[in-house]
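Asks: I'll drop the sequence and a predicted model, then ask my questions.
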Amino acid sequence: MIVSSSVVSYFANDPIVYMFFINRNLIGKRIVLKFEINGNEQRVVAVARNLTITGMVMVDIADLVLPYLSTLYIDRENQKIGGYATFRLVAYRDALLTDDSFIAYSDVQHIAIKGSIGELNRAEGKDIQSAIIANNAFPLLSAHQTGSDTAQFYASELSELEMFLLSSEDGSITLVRRGQHSTEDYSDSIIVEDDTQLAAFAGADIVGEDPSGHRRFTLKTGGGGIYYIDVDADPDTDEGHLFRFINKYGVYDAVLFTGILQNNPAANAPDTYYTYNSYLRTRLMQRRILTEKYILNTGFIDPMRLDIVKQMLQSEKVQIQLGDDYVDCIVSTNIDLPVVFRQPQSISLEIEVLQSLQYQTITQLSS
């Protein structure tokens, strides 16, 4: 009996389609797959119905993996990355077996992270490595891509991030500064276990204490891939407002806007009570809720940052930096722009803050 397996997607918000191949006819038969997810046993039952070839079972295990996931983070105390899940198939049984025993099966260990590459994954059937580590994709889990080999940040954007590199090679990274190989300057860089395919380092370590001027860093992956991280000083403007949000890869991203932020609070209409064809208003029913809102003009942003805005508008969590703190908010806008390719454009964002700002003040990020 010959068995094998493969996985189509590693993003938990997309289908994780696990394909199980077995050299026997299972059409219409029931098969139980036993997985080990972060060391815990999980089972899924599938029926081999819609087969393209005899002996193949396709099952979506995203719902099994999702409870083990959170936004990726760097666990500095234990020198590793947290928030992802590992899974593998450890045993199976099917209706052709005469008892309830399982057949042991040791699949390679796979990784799942929270996030979604959406249509790219579904349309082309790519797994996480080929989707991000392809020839035309930057391996950092960030929206700040300016090309196939470059990511571009303002200093304050990068300093707020923990950078995550997805590698299909050996899981190692090397930073080269100004053409000289460096190990001491980036001793806080974290290399995780060899079989995880993830590596991480802090954006603040790259920016350093002097974020002035333009700097380029070379990122070398263990398999010989070379990529670049461009860091620019924050624009010299009267105002700067920093947002961070969970991007489509399930990690925090950041974007800086240099437009004017205006407070625009709104009070909702009072409640009314309708009876006998007349409206009755009482003191209690006159109570209104004051909503803390702001209007922010982004200033002129390039096409890359326009794409970042679009990702932020679809994010499950967005925060604005007010004073020294990040505050949860809801961001909305009407993107009604003329189609002018490769030209900077400006957007007006409406921001609703979701917690009290009684003791907070807005300070400039740059001067």
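Replies: It's in. On a predicted model such as this, the values are computed, not experimentally measured, just so you know. Numbering: from 1, shown residues only.
Asks: for the protein, which helix is longest?
Replies: If you go by DSSP state H, the chain has its longest helix at helix 303-313.
Asks: Now that helix: average pLDDT?
Replies: What helix 303-313 shows for mean pLDDT is 86.
Asks: May I ask which helix or strand encompasses the closest residue to residue 313 other than its chain neighbours?
Replies: Closest residue to residue 313 in three dimensions, ignoring its sequence neighbours and counting by Cβ to Cβ, 6 or more residues apart in numbering: residue 331, at 6.3 Å. No exception for glycine: its C-beta is placed from N, CA and C like everyone else's. Here residue 331 sits within strand 325-332, counting by DSSP states H and E.
Asks: buried ones in that strand?
Replies: By 16 or more other Cβ atoms under 10 Å, the buried positions in strand 325-332 come out as 326, 327, 329, 331.
Asks: Also stretch 217-230?
Replies: Buried, per 16+ other Cβ under 10 Å, within stretch 217-230: 217, 219, 221, 222, 225, 227, 229.
Asks: Quick one: mean pLDDT over it.
Replies: Over the span of stretch 217-230, the pLDDT mean works out to 78.
Asks: Between the two ends of it, what distance do you get?
Replies: 6 Å (Cα to Cα, to the nearest Å).
Asks: Adjacent strands (with direction) for the strand ranked longest in the chain?
Replies: Assignment by DSSP state E gives strand 85-94 as the longest strand of the chain. Sheet pairing for strand 85-94, assigned by DSSP bridges, gives strand 30-37 (antiparallel), strand 103-104 (antiparallel), strand 110-112 (antiparallel).
Asks: Output it as PDB - backbone C-alpha positions only.
Replies: Extracted C-alpha coordinates of strand 85-94, given in PDB (Å, rounded to 0.1, in the frame of the first residue of the first chain):
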ATOM      1  CA  ALA A  85       1.200  26.500  14.500                       C
ATOM      2  CA  THR A  86       2.900  23.400  13.300                       C
ATOM      3  CA  PHE A  87       1.000  20.400  12.100                       C
ATOM      4  CA  ARG A  88       1.500  17.000  10.500                       C
ATOM      5  CA  LEU A  89      -0.400  13.900   9.700                       C
ATOM      6  CA  VAL A  90       0.500  11.100  12.200                       C
ATOM      7  CA  ALA A  91      -2.000   8.300  11.400                       C
ATOM      8  CA  TYR A  92      -5.000   7.400   9.400                       C
ATOM      9  CA  ARG A  93      -7.700   4.700   9.000                       C
ATOM     10  CA  ASP A  94     -10.400   4.100   6.500                       C
END
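Asks: average pLDDT for that strand?
Replies: Rounded mean pLDDT across strand 85-94 is 88.
Asks: Please identify the buried residues of it?
Replies: Neighbour-count burial for strand 85-94, with 16+ other Cβ under 10 Å as criterion, is recorded at 85, 86, 87, 89, 91, 92, 93, 94.
Asks: now swap in stretch 237-253 and tell me
Replies: Across stretch 237-253, burial judged by 16+ other Cβ under 10 Å covers 237, 239-253.
Asks: what's the span of that stretch, first residue to last?
Replies: The first residue of stretch 237-253 is 22 Å away from its last residue (Cα to Cα).
Asks: For that stretch, what does the pLDDT average out to?
Replies: For stretch 237-253, the mean per-residue pLDDT is 88.
Asks: Who are the packing partners of the helix or strand where residue 351 lies?
Replies: Taking DSSP H and E as the definition, residue 351 sits inside strand 348-353. Under the contact criterion of 3 or more Cβ pairs under 8 Å, 6 or more residues apart in numbering; DSSP states H and E, strand 348-353 touches strand 293-297, strand 318-322, strand 325-332.
Asks: So what touches that strand?
Replies: Defining contact as Cβ atoms under 8 Å, 6 or more residues apart in numbering, one finds that strand 348-353 is touched by 257, 264, 291-298, 309, 320, 322, 327-333.
Asks: can you rerun that using 10 Å?
Replies: Applying Cβ atoms under 10 Å, 6 or more residues apart in numbering, the external contacts of strand 348-353 come out as 241, 243, 257, 259, 261, 263-266, 291-298, 309, 312-313, 318-320, 322, 327-336, 360.
Asks: Out of those, which end up buried?
Replies: Among the contacts of strand 348-353, the ones that count as buried by 16+ other Cβ under 10 Å are 241, 243, 257, 259, 261, 292-294, 296-298, 309, 312-313, 318-320, 322, 327, 329, 331, 333.
Asks: Can you classify residue 66 by secondary structure?
Replies: Classification of residue 66 using DSSP: H, G, I helix; E, B strand; the rest coil returns helix.
Asks: That one: neighbouring residues, count only.
Replies: Residues within reach of residue 66, counting by other Cβ atoms under 10 Å, total 14.
Asks: Residue 34 too?
Replies: Neighbour number of residue 34 under other Cβ under 10 Å is 17.
Asks: Quick check: it touching residue 89?
Replies: Yes - the criterion here is Cβ atoms under 10 Å, and residue 34 meets it with residue 89 at 7.2 Å.
Asks: what sits in contact with each of these two?
Replies: Residues within reach of residue 34 and of residue 89 at once, by Cβ under 10 Å, 6+ apart, are residue 105.
Asks: thinking again about what came up before, nearest to residue 9, of the buried residues of strand 85-94?
Replies: Each of these was checked against residue 9 using Cβ to Cβ; the closest is residue 87, at 12.4 Å.
Asks: show me the contacts for the closest one.
Replies: The neighbours of residue 87, taking Cβ under 10 Å, 6+ apart as the test, are 7, 10, 16, 18, 35-38, 40, 42, 61, 64-65, 68, 107, 109-112.
Asks: mind checking pLDDT for residue 66?
Replies: So, for residue 66, pLDDT stands at 93.
Asks: could the strands paired with strand 85-94 go into a markdown table alongside mean pLDDT and distance to residue 174?
Replies: Shown next, in a markdown table, are the strands paired with strand 85-94 (pLDDT from 0 to 100; distance: least, Cβ to Cβ, whole Å):
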| stretch | mean pLDDT | distance to residue 174 |
| --- | --- | --- |
| strand 30-37 | 90 | 32 |
| strand 103-104 | 88 | 39 |
| strand 110-112 | 86 | 21 |
